[in-house]
Each structure stands twice: as structure tokens, then as C-alpha cells.
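In: sequence plus predicted model, see below.
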Amino acid sequence: MKTLLSKSIIVGLLATLAGLTPEFATISSSSGAQAASGILLLAHGGSKKKWNKDVDALAAQVRKTMPVQVAFGMADKITLQAAIDRLTQQGVREIVAVPLFISSHSSLIECERYLLGLRAKAPADLAMFAGMHHHSVGHMGMSSDDPAADLTTPVKCPVPIHMTSAIDHSPLVAQILLSRAERLSKNPRRETVVLVAHGPDSDEENQKWLVDMSILADTMRRSSQFKRIEALTLRDDAPEPIRSRATAQLRATVERADRQDNRVLVVPLLISYGGIEKGIKKRLAGLKYVMSRQGLLPDARMAEWVLQQAQGSLNSTSQPERRRSSVQRSDVRPELQQRGRLVLMRRSSGLAEIPARSPQLIP
């Protein structure tokens, strides 16, 4: 008993010095003991085996520090419930859902929130996503009378659930993107970096994506000497006229940089490569550029991002409030938000992108 007590005191002191929450310290120090909190890693899932393997490898890294289960799928209640059940069977007393998605601004994220019991009203797109997974009900031997077979109702969970933001404008992800560009670079002062993301259907959501991407670009710009860093979305799932406009904008950006005698470095803002990167190459056929060979995964820093998101949620929610579900969004420096909007205003008015500045550390 004395030995266990002394270990507990030591862990608590170390956690205090490191700035960790008691819950995070319990997780970090537990070996077989009941963990206080666990991570529900929400992932889209890919048609290519490599995409899912990259996510599984990420989860394996996170699991060295904290219990984690992956729920693949697009607002798939069945995979969400199964992952939650696995976590509660491990004895976790609280769950933090971390969306491994590029942006928080999508109907898919809102559907995930509803299914986790973090939103009162079901989003309009939930029925569409439920229809995509309806075949799973029969495969699992459920009858239509089974409440669990209704894929439009929230999951059942005996412990509190919280949900963090997606990647959005994460400074850590900006570092990863910068390292992808630097790997391609030969002379940054004569190079234009083009960040390319999948993007949403909605114009309103797309503007929010672009604001976050502009903040990522600004963070990268402040730590590099690249002449320009631009950010665009493909909007692959939008109606054809919108896709065509997005393609025209992407090609025009690359062609303009080439006319200015700048080498073009295309850096896809994708979780992992699973097919979208081929679409980028198709859209840029005939143009001069080089493209990163990988998305954000695999990269050990993404495990750090997942843990940061989880710990941030635990830190920002006090113990008495843990009974309430909450969604935590990363804080954004107001001046960076303003810069993101200014970039979009400059684009819409035909003005040039913000030029590169001398490299400096972000305060």
C-alpha cells in the first residue's frame, strides 16, 4: 500500500510539473490499471487499404499513451457504437472524440456530433448517411424492430463524451505541411507552394475551409522563405459547374506562378493518399509542378496532434462539468483569423496573394 501511495504521489507531482491534468497523468502512468479517459478517433475511411492502415498505425502510436479506438465511416452509428463499447469495456470513465478530418465545417461533422449525443436536432444530411450504412444492419443480424437498427438515433454510452475540433488551422499541422514543401524545395525564394484540399459542397462551408487554410498558409509563411503560399479547394463532390470553376482556379494559380518563373510545389492537405491525389494530377495535366508524395500520414507528429486535442478537451472542461457533453474548438489568435479573411478578400477583388515575409518564430 505504501509503495502504491508513493507512486501515486510521484505521478501527481510529475504531472503538475508537466502541466498535465490528473486524468491525463492517470492515463500516462497506467499499466493495466483502469484509465480515466479514452479517445474515440473518428476517421472517414478510405477505399484503399493503405488509407485505413495509416490510420490504424496512428492509433497504435496514440495507444502507447492513451486508450484509443477508431470508428471508420461517414456518420456510421454502427462503427461509432462498436468503438464506444470497446472503450467502455476497457474501463474508461470518459471519452474524448477526436475527428481526424481536415475541417470542422461540414455536415458530416455535424452528423457525427448528433450521433454522439452532442447536438439536439438531427442534421438534414443524416438520413443520407444512414442510408449508406443500412446494409450493415442485416449483416449484423439485427431485426428492423431492434432500436439499435435505427441509424438515425444517437448511440448509447454510459460515460460522458466530449468532442474536439478537427484539424482546421492547427499550428502542428502547418509544421507538417511546411516539411512536405521543404522536402520538394530547391530555391524557396523562387517557389510557390499551393495547398490543395478536398473541400465541401456548400459555398458557405467552403469559405470557412479557406479561412482556416489561409491561417495554415500564414503560419507556414512566417517560418519559411517561400515566395508565395496559396490555398485552394477541389470541391470534388459539388455539382459539376462548381468543380469546373475550382479546377480552373487551380490551373490558373499554377500557370500564373509558372509565368512568373516560379517553381510550383503542390502540397495536398489530405489525411492520407487514397485517390484524391490522382484527381489533382488529372486536373493539372500538362502543367509544370511537383507534388508531395504523401498526405499528413504517416507522420509521428499526427499522434502528437491527437493527444494535444484530447488533453486540450480535458484541460478546458472542469470536473463538475464533465457530466455535460461539450464540443471544444481550438483557440485562434484574432489577428490570424483576420489575416485569413483578408486573404480571401484579396482573392475576390483580384489582388495578389500576401507575399512572403522574412522567416521568424511565431510568438
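Out: Done, it's in.
In: what's the burial count for the closest residue to Ala57 other than its chain neighbours?
Out: In space, and not counting its chain neighbours, Ala57 is closest to Pro298: 6.1 Å by CB to CB, 6 or more residues apart in numbering. For the C-beta atoms, the positions are set from N, CA and C on the backbone; glycine is no exception. Residues lying near Pro298 (other CB atoms under 10 Å) number 16.
In: return the residues in contact with Pro298.
Out: 54, 57-58, 272 (CB atoms under 8 Å, 6 or more residues apart in numbering).
In: hmm, try it at 10 Å
Out: Under the criterion of CB atoms under 10 Å, 6 or more residues apart in numbering, the neighbours of Pro298 are 50, 53-55, 57-58, 61, 272.
In: closest to Arg256 among the residues you listed?
Out: Ser272 (29.4 Å; CB to CB).
In: and that closest one, its phi and psi?
Out: When quoted as degrees, to the nearest 10, the phi and psi of Ser272 stand at phi -150, psi 170.
In: and it, what pLDDT?
Out: Model confidence at Ser272, expressed as pLDDT, equals 95.
In: residues near it, how many?
Out: Here the neighbour count serves as a burial measure; for Ser272 (other CB under 10 Å) it reads 27.
In: that one and Ala60: what is the separation?
Out: With the distance defined as CB to CB, to the nearest Å, Ser272 ends up 15 Å from Ala60.
In: repeat for Met128
Out: For Met128, the distance to Ala60 (CB to CB) stands at 32 Å.
In: rewinding a little: report the buried members of the contacts of Pro298.
Out: Neighbour-count burial (16 or more other CB atoms under 10 Å) applied to the contacts of Pro298 gives 54-55, 58, 61, 272.
In: and those, which two are furthest apart?
Out: Farthest apart among these by CB to CB are Gln61 and Ser272. That separation is 14.2 Å.
In: quick one: what helix or strand has Ser214 in it?
Out: When secondary structure is defined using DSSP states H and E, the element that contains Ser214 is helix 203-221.
In: with Phe129 instead?
Out: Element membership for Phe129, per DSSP H and E: helix 126-133.
In: before we move on, what about Leu42?
Out: strand 38-43.
In: which strands or helices does that strand pack on?
Out: The helices and strands touching strand 38-43, judged by 3 or more CB pairs under 10 Å, 6 or more residues apart in numbering; DSSP states H and E, are helix 49-63, strand 68-72, helix 77-89, strand 95-99, helix 107-115, strand 161-163, helix 300-316.
In: hey, C-alpha coordinates of the longest one in CSV?
Out: Extracted in CSV, the C-alpha atoms of helix 300-316 (Å, rounded to 0.1, in the frame of the first residue of the first chain):
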residue,chain,number,x,y,z
ALA,A,300,4.6,10.8,-35.9
ARG,A,301,3.5,14.4,-35.3
MET,A,302,-0.1,13.4,-36.1
ALA,A,303,-0.1,11.2,-32.9
GLU,A,304,1.1,14.3,-31.0
TRP,A,305,-1.8,16.3,-32.6
VAL,A,306,-4.4,13.7,-31.5
LEU,A,307,-3.1,13.7,-27.9
GLN,A,308,-3.0,17.5,-27.9
GLN,A,309,-6.6,17.6,-28.9
ALA,A,310,-7.6,15.1,-26.2
GLN,A,311,-5.7,16.8,-23.5
GLY,A,312,-7.0,20.2,-24.5
SER,A,313,-10.5,19.0,-24.1
LEU,A,314,-9.8,17.5,-20.7
ASN,A,315,-8.0,20.7,-19.6
SER,A,316,-10.8,23.0,-20.7
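In: and that helix, what other elements does it pack with?
Out: Helices and strands touching helix 300-316, by 3+ CB pairs under 10 Å, 6+ apart, are helix 22-29, strand 38-43, helix 49-63, strand 68-72, strand 95-99, strand 161-163, helix 171-184, strand 326-327.
In: hmm, try it at 8 Å
Out: With contacts taken as 3 or more CB pairs under 8 Å, 6 or more residues apart in numbering; DSSP states H and E, helix 300-316 sits against helix 22-29, strand 38-43, helix 49-63, strand 95-99, strand 161-163, helix 171-184.
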